[in-house]
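Trainee: kindly return the folded structure for what I paste below:
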Amino acid sequence: MRSLNIFEEAHVVNGVPPINATGGKSSDIVTLKGYRGFNALWKIGVSAAAATKILVYACDDFAGNNPVAIPFRLYKEETALGDTFDGGTNVAAAGYTPSANDNIMYGIFVDAQALASLGKACIYTSLTNGTNSVIADCTVILTGGSAGAGTGETVIA
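Mentor: Numbers count the residues shown, from 1 in each chain. You can find the predicted model right below:
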């Protein structure tokens, strides 16, 4: 069995450092140039109430021009301190409403071909939220690049 070293075979981005996501937060905008997959891991630690939506957007550039909400594949781990994601669900562009549980995670996957078919160059994910205090963070991992991909050029502006 072959092992996977994400630091050499993928590109890891600290998309949203741990933060109070009151009012909502968006990850860094990244380009998928040279990669085949966008993966994001939203982690929600403590929440006064559930965040409103998890969304994914394709856009024209690093400035976020002409964003379009897009469908994505979602993997849920909604049990406190769990480590077993479900088998995945296709989510429409309207997004997914997270659980109100604390210490949960959501994995997101988008194939780079989805962006190419829209004529978009960049992608990001958002956690929308009203006035409830929600402590969250998001790690973005780009996959399917060439060997040594994680040590190459930056994928953020």
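
Trainee: helix/strand/coil for the residue most central in space within the chain?
Mentor: In the chain, the C-alpha closest to the average C-alpha coordinate belongs to residue 40, at a distance of 2.8 Å (CA atoms, centre = their mean). Judged by DSSP: H, G, I helix; E, B strand; the rest coil, the three-state class of residue 40 is strand.

Trainee: ok, what's across the strand from it?
Mentor: Going by DSSP bridges, residue 40 is paired in beta bridges with residue 108, residue 140.

Trainee: you'd agree it is up against residue 13?
Mentor: No. In this structure residue 40 lies outside contact range of residue 13 using CB atoms under 8 Å: 9.0 Å. Just so you know, the C-beta spots here come from the backbone N, C-alpha and C atoms, and that holds for glycine as well.

Trainee: what do the two both touch?
Mentor: Both residue 40 and residue 13 are contacted by 27, 139-141, under the criterion CB atoms under 8 Å, 6 or more residues apart in numbering.

Trainee: ok so, going back, tell me who's in contact with the residue nearest to the centre of the chain.
Mentor: Applying CB under 8 Å, 6+ apart to residue 40 gives the contacts 15, 27, 56, 107-108, 125, 138-141.

Trainee: would you mind giving those residues as JSON lines with neighbour count, pLDDT and distance to residue 117 added?
Mentor: Putting the contacts of residue 40 into JSON lines (neighbours: other CB atoms under 10 Å; pLDDT from 0 to 100; distance: CB to CB, whole Å) gives the following:
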{"residue": "15", "neighbour count": "22", "pLDDT": "96", "distance to residue 117": "23"}
{"residue": "27", "neighbour count": "24", "pLDDT": "97", "distance to residue 117": "22"}
{"residue": "56", "neighbour count": "26", "pLDDT": "98", "distance to residue 117": "14"}
{"residue": "107", "neighbour count": "18", "pLDDT": "98", "distance to residue 117": "22"}
{"residue": "108", "neighbour count": "23", "pLDDT": "98", "distance to residue 117": "18"}
{"residue": "125", "neighbour count": "27", "pLDDT": "98", "distance to residue 117": "19"}
{"residue": "138", "neighbour count": "28", "pLDDT": "97", "distance to residue 117": "24"}
{"residue": "139", "neighbour count": "17", "pLDDT": "98", "distance to residue 117": "26"}
{"residue": "140", "neighbour count": "25", "pLDDT": "98", "distance to residue 117": "21"}
{"residue": "141", "neighbour count": "19", "pLDDT": "96", "distance to residue 117": "22"}
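
Trainee: brilliant, that's me finished.
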